[in-house]
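Asks: Below are the sequence and a predicted model; questions follow.
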Amino acid sequence: MKPVVNLLWCRPGKVGGSEEYLVRQLVGLRTAAPDIVPRLVVAPGFVDAHRELAGLDASVGPPWTAGLAGRLAAELTWLPRHLGGGDLVHHGGGTVPLRSPRPVVLTIHDIQYVSFPQYFSAARLRYLRAAMPPSVRRARVVAVPSEFVKTTVVDAFGADPDTVVVVPHGVDVAPSAHRPSEAVLRQRYGLGDRRVLVFPAITHPHKGHRFLLDVAATAWTHPDIVVVLIGGEGPAEQDVRAAIERLGLAGRVVRPGRVPAEDRDGLIGLAEALVFPSEYEGFGAPVLEAMAAGTPVICSDAPAVAEVAGDAAVVRPLDVDAWAGALDDVGADRARLIERGRARAAHFTTAISGAALARAYRLALS
């Protein structure tokens, strides 16, 4: 089978966890279904950013595809010429371009815009409201990362549940030999010998940076606690910076921005806990990344996050008082949380994700 996978929407470092989701699926596809050989259509910079996909044929879009307007223009002009010749077309960005061959597999990461329209620009909101319902109708199969997203897609768009396939995130444990040592990371990021909490997320409003800062300022006040915020700048960036200053947290919050994957994995590995206070997710891959690394997790009870965490994390509603004692809970139950977390992560490997994607492709051609 030779699917064509449209990743033109995926600008490296700009789209959050959905980027890793698709990449890891394709890595897992090689293991789970070597008879399926995808051809990629990608944004500029994607090939250099993802050497793990080396060997796959890739057509690189024009430089003006950055941003929604540029991408839409490319989908109308440049993209159709590069989607032919496959058995099916897989659109990974949540919508199906107007000019697309069929059959179509469509990945929908979430439909956050339905529940939290206030977090979207007016232009983006108009686009999603206009484009997503017909995209779902045009797709023969819709791939989603969780049962939560499947339910929301079926309810919002009237999709046939039999054609909505859960393709979970896949996370493999990176070899520790490839990571810098704990001592190196502590020196590199100015952590000293303090207790480290890690939160990896772009500063999108729904991710919960402000909530976490409130917890750090009112409940987790010990001077030995340092919160490391990993990730690029999003729409809530200025609000986050202002809150750090206003709450007097500059000395207890470290903000390295985007870091190399090896450093990210190492920081998660040395942390006392990964904290994940997101208000809304389609999945919540950092929860699994921490579990696979043997790091306990404190997370919100947002439906998809709680679905992924199961009984292997400290799950709390987004209330400061509810989070106040979470670090004590981690300390009291650390060994069990680590054991259950590793067992939980074993059900979400890249090979399992790739096998689920292969099922979605085969269903689309059945």
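Replies: Arrived safely.
Asks: So which residues of the stretch 101-250 of the chain form strands?
Replies: Taking DSSP state E, counting those that start in this stretch as the test, the strands found in the stretch 101-250 of the chain are 104-107, 141-144, 164-166, 195-200, 225-230.
Asks: Could you name the stretch from those that's closest to D172?
Replies: Comparison of those against D172 by Cβ to Cβ identifies strand 195-200 as nearest, at 16.7 Å. Placement of C-beta: from N, CA and C, glycine included.
Asks: mind checking how far the closest one is from the chain centre?
Replies: Relative to its chain's centre, strand 195-200 lies at 17 Å (Cα atoms, centre = their mean, to the nearest Å).
Asks: Please enumerate residues in contact with that strand?
Replies: If you take Cβ atoms under 8 Å, 6 or more residues apart in numbering as the criterion, strand 195-200 is touched by 209, 212, 220, 222, 224-231, 264, 267-268, 270-277, 286, 289-290, 295.
Asks: again, only using 7 Å
Replies: 212, 224-231, 264, 267-268, 270-276, 286 (Cβ atoms under 7 Å, 6 or more residues apart in numbering).
Asks: That one to strand 225-230, inter-axis angle?
Replies: For strand 195-200 against strand 225-230, the angle by axes from the mean of the first three to the mean of the last three Cα atoms, to 10 degrees is 20 degrees.
Asks: Each with direction, which strands does strand 195-200 pair with?
Replies: Using DSSP bridges, the strands paired with strand 195-200 in its sheet are strand 225-230 (parallel), strand 273-276 (parallel).
Asks: quick revisit: which among the contacts of strand 195-200 end up buried?
Replies: Buried residues within the contacts of strand 195-200, counting neighbours by 16 or more other Cβ atoms under 10 Å: 212, 226-231, 264, 267-268, 270-276, 286.
Asks: residues in contact with G257?
Replies: Contacts of G257 by Cβ under 7 Å, 6+ apart are G232.
Asks: Domain parsing of this protein, as residue ranges.
Replies: In terms of domains, the chain is parsed into 3-170+350-365, 176-345 (source: automatic domain parsing).
Asks: Reformat those domains into a markdown table and put mean pLDDT next to each item.
Replies: Formatted as a markdown table, the domains of the chain follow (pLDDT from 0 to 100):
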| stretch | mean pLDDT |
| --- | --- |
| domain 3-170+350-365 | 95 |
| domain 176-345 | 96 |
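Asks: Indicate which one of the strands paired with strand 195-200 is closest to A309.
Replies: Closest to A309 of those, according to Cβ to Cβ: strand 273-276, at 8.6 Å.
Asks: Can you tell me what sits against the closest one?
Replies: 197-199, 212, 268, 284, 286-287, 290, 295-300, 305, 327, 330.
Asks: mind listing which of the residues you listed are in helices?
Replies: Counting by DSSP state H, the part of those found in helices is L212, I268, P286, V287, A290, V305, L327, V330.
Asks: Can I get those in JSON lines including distance to G341?
Replies: Listed next are the ones in helices among the contacts of strand 273-276 as JSON lines, based on distance: Cβ to Cβ, whole Å:
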{"residue": "L212", "distance to G341": "20"}
{"residue": "I268", "distance to G341": "12"}
{"residue": "P286", "distance to G341": "12"}
{"residue": "V287", "distance to G341": "9"}
{"residue": "A290", "distance to G341": "7"}
{"residue": "V305", "distance to G341": "14"}
{"residue": "L327", "distance to G341": "16"}
{"residue": "V330", "distance to G341": "11"}
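Asks: Only the buried residues of stretch 77-88, if you could.
Replies: Going by neighbour count (16+ other Cβ under 10 Å), the buried part of stretch 77-88 is W78, L79, H82, L83, G86, L88.
Asks: coming back round to it: single out the most deeply packed of the strands of the stretch 101-250 of the chain.
Replies: A comparison of the strands of the stretch 101-250 of the chain by mean neighbour count, using mean count of other Cβ atoms under 10 Å, puts strand 141-144 on top with a mean of 27.
Asks: Show me what that one is in contact with.
Replies: With Cβ under 7 Å, 6+ apart as the test, strand 141-144 has contacts from 105-108, 136, 150, 153, 159, 163-167, 357, 360, 363-364.
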